[in-house]
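**Student:** coords please:
(chains A and B)
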Amino acid sequence: MAAGHTVTSFDARRVRADTPLLARVVHDRTITYLDSAASSLQPRAVIEAMSRYYELRHANVHRGVYQTANEATAVYEGAREAIARFINAPGGANEIVFTKNATESFNLLAKSWGTANLKPGDVVLVTEMEHHANIVPWFQLRDVAGIEVRFIPVTDDFRLDLSNIDELMRDVKLVSVTAMSNVLGTINPIKEIAAIAHRHGALLAVDGAQLVAHEVTDVAALDADFFIFSAHKMLGPTGIGVFWTREETLNTMPPFLGGGGMIADVRIDGYTPASGPARFEAGTPPIAEAAGLGAAVLYLENLGMANIAEHERGLTADALTRLALEFEGRVRVIGPGDTVNRGGVISLDVEGVHAHDVAQVLDQFGVCVRPGHHCAKPLMRRFNLSATARASFGPYSLVRDTDVLLEALGHAVTMFG
Amino acid sequence: MSNLEDLYREVILDHYRSPRNRGELTSPPAIRVEGFNPLCGDEVVVYLEVRDGVLVDIKLTGHGCSISQSSSSLMSSAVKGKSIEKVRETIATFKQLMTVHQASLDEKSDVAPIDLRALGELAALQGVVKFPVRIKCAMLAWNTLSQGLDELA
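**Tutor:** The predicted model follows:
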């Protein structure tokens, strides 16, 4: 799209009207949903795609020869193609593995690729701002394979500290980094980190869970080697996640879970695994969820990821400005103060009020935020926090959501003041 | 907003702002027990000094929400200086308060009521039962105390 000639049909009010849950009333107020970083809401198109599968096409995939079984397989494989297009996977659908969620994708990476390729003394380099999903599987691998897990520190202004990166890269075989922090909103320089990793002969895995619903994703342009995310943070259903790697890497990875669907042959003396994504998809896969995910991709493509990114940047800039003005320092944002390389995740530390109390007061106003450590305890320790109250935007968010947030926050500050 | 005022009663806010029996005891002779709420990151450390079957001193440190912190503070005031037997009784009554159905707190209910007067200031925490997610916050210090007494036994 040429600059200045972008014609946008994006209208957040329409997205809102498409999202049934946003019509709910709780505690006598219309819901104000500000928890898309934990899980986004589904448009009707996604819910209907799942219903349509159950009502008209339900059958197991890759098995039957009857009409509905063929249709079910087409729906499932169609979602794989949609995802390949959505993230610009260079090798297409053959590079997309469906898992249960992003966490399972990280476990697949650690337990399959990690076990086969890492030896004692090898280092996996993660960062202090990772979700536990990109930390714990590496600790588990450390305990069985003797690898080392090393952390890139985070600066006081909530960015990755790459000043000492060449030293940190010693013996590193894999760098595994989030594209966008689920606590800080920081968007990391993935292309730059890919260049560093590759210069040192290491591969790069990217946690895309927070990025995919909010920015244009192009795994080829990022020069990543693995890319991981889940459907429910991009308007899709729960229960399905994605693991991407290049076909040549995927073909060298040993199977992860064993069972039906992942084999080429089973004899009484052993088995031969299937090739391609099927090798990693043991058992009946999440078919209805794939139908929903395919519909979510279409829906996002119609809105335009660049439009969504611009809309959410506007909301974030507005919220950051008003939070700074209205509470005179009593409400601190734990994350970058401007919208440069920053997404719409706003973690709040309210002076003298614990995050759970903030969230409890907000709930009475129908405001949904997430209190807690956000599965990022090393990061919370880094900033000496036990919990934050996190508000996060989605494509259906409007400035009026921020209005209600500020009204409710004002109440919390007064109540505990 | 009535629900919210039920939860955050003045007594609770007071104990949150000015927690009683905050600090540490030398261990030994005191015993030290830690409690965690892994879901929300709340932490409490309870120090107990028991002599001749009496809880002669109790101190607490830790961090968490107003419910967990005020419950710790209220607990320490309620059990300090009491016999272990009496402390266990108070723990049991408090647990009962946190597990009862809301209906038994209504005067008109025919469910056997809890003697709220016996609980004293602790009764201020009764509003927590309307917020099931927060019950674990209120219980954290009590479960930790209970664990400490079990270690002594």
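**Student:** now do the buried residues in stretch B:61-72.
**Tutor:** For stretch B:61-72, burial by neighbour count (16 or more other Cβ atoms under 10 Å in any protein chain shown) applies to B:61-62, B:64-72. Every C-beta, even on glycine, is put in place using the N, C-alpha and C of the backbone.
**Student:** for stretch B:37-48, that is, sorry about that
**Tutor:** Buried positions in stretch B:37-48, judged by neighbour count with 16+ other Cβ under 10 Å: B:37, B:40-48.
**Student:** list the contacts for the residue in chain B positioned nearest to chain A?
**Tutor:** Sorted by distance to chain A under Cβ to the nearest Cβ, the residues of chain B start with residue B:65, at 3.8 Å. For residue B:65, the contact set (Cβ atoms under 8 Å, 6 or more residues apart in numbering or on different chains) comprises A:354-357, B:40, B:42, B:134, B:137.
**Student:** where does the stretch 301-417 of chain A have low pLDDT?
**Tutor:** Within the stretch 301-417 of chain A, no range satisfies pLDDT under 70.
**Student:** reformat the buried residues of stretch B:37-48 as TSV; add secondary structure, distance to chain A and pLDDT.
**Tutor:** Below are the buried residues of stretch B:37-48 laid out as TSV (DSSP: H, G, I helix; E, B strand; the rest coil; distance: Cβ to the nearest Cβ, whole Å; pLDDT from 0 to 100):
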residue	secondary structure	distance to chain A	pLDDT
B:37	strand	10	84
B:40	coil	5	70
B:41	coil	5	74
B:42	strand	7	84
B:43	strand	7	89
B:44	strand	12	94
B:45	strand	14	96
B:46	strand	18	96
B:47	strand	20	97
B:48	strand	24	96
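**Student:** dump the buried residues of stretch B:61-72 into CSV; add pLDDT, distance to residue A:159 and secondary structure as well.
**Tutor:** Formatted as CSV, these follow (pLDDT from 0 to 100; distance: Cβ to Cβ, whole Å; DSSP: H, G, I helix; E, B strand; the rest coil):
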residue, pLDDT, distance to residue A:159, secondary structure
B:61, 95, 33, strand
B:62, 91, 32, strand
B:64, 89, 30, coil
B:65, 90, 30, coil
B:66, 91, 33, helix
B:67, 92, 35, helix
B:68, 92, 33, helix
B:69, 92, 33, helix
B:70, 93, 38, helix
B:71, 94, 39, helix
B:72, 94, 37, helix
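**Student:** render the CA-only coordinates of the helix or strand of chain B with the lowest mean pLDDT in PDB, please.
**Tutor:** Least confident helix or strand, chain B: helix B:116-119 with a mean of 73, by mean pLDDT, DSSP states H and E. Taking C-alpha atoms only, helix B:116-119 is exported to PDB below (Å, rounded to 0.1, in the frame of the first residue of the first chain):
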ATOM      1  CA  LEU B 116     -20.200 -14.000  64.000                       C
ATOM      2  CA  ARG B 117     -19.800 -12.400  67.400                       C
ATOM      3  CA  ALA B 118     -17.400 -15.200  68.400                       C
ATOM      4  CA  LEU B 119     -15.200 -14.100  65.500                       C
END
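**Student:** what helices and strands are in contact with that helix?
**Tutor:** Applying 3 or more Cβ pairs under 8 Å, 6 or more residues apart in numbering or on different chains; DSSP states H and E, we find helix B:116-119 packed against helix B:84-99.
**Student:** and the helix it packs on, what does it pack onto?
**Tutor:** strand B:54-63, helix B:66-79, helix B:116-119, helix B:132-152.
**Student:** ok, now with 6 Å
**Tutor:** Contact partners of helix B:84-99 among helices and strands, from 3 or more Cβ pairs under 6 Å, 6 or more residues apart in numbering or on different chains; DSSP states H and E: helix B:66-79, helix B:132-152.
**Student:** and that helix, C-alpha only, in PDB?
**Tutor:** Output of helix B:84-99 as PDB, limited to C-alpha atoms (Å, rounded to 0.1, in the frame of the first residue of the first chain):
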ATOM      1  CA  ILE B  84      -2.900 -23.600  70.800                       C
ATOM      2  CA  GLU B  85      -6.200 -25.300  71.300                       C
ATOM      3  CA  LYS B  86      -8.000 -22.000  71.100                       C
ATOM      4  CA  VAL B  87      -6.000 -21.000  68.000                       C
ATOM      5  CA  ARG B  88      -7.000 -24.200  66.200                       C
ATOM      6  CA  GLU B  89     -10.600 -23.500  67.100                       C
ATOM      7  CA  THR B  90     -10.400 -20.000  65.700                       C
ATOM      8  CA  ILE B  91      -8.800 -21.400  62.500                       C
ATOM      9  CA  ALA B  92     -11.600 -23.900  62.100                       C
ATOM     10  CA  THR B  93     -14.300 -21.200  62.700                       C
ATOM     11  CA  PHE B  94     -12.600 -18.900  60.200                       C
ATOM     12  CA  LYS B  95     -12.300 -21.700  57.600                       C
ATOM     13  CA  GLN B  96     -16.000 -22.400  58.100                       C
ATOM     14  CA  LEU B  97     -16.800 -18.700  57.500                       C
ATOM     15  CA  MET B  98     -14.900 -18.800  54.200                       C
ATOM     16  CA  THR B  99     -16.600 -22.000  53.000                       C
END
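**Student:** nice, that's everything, thank you.
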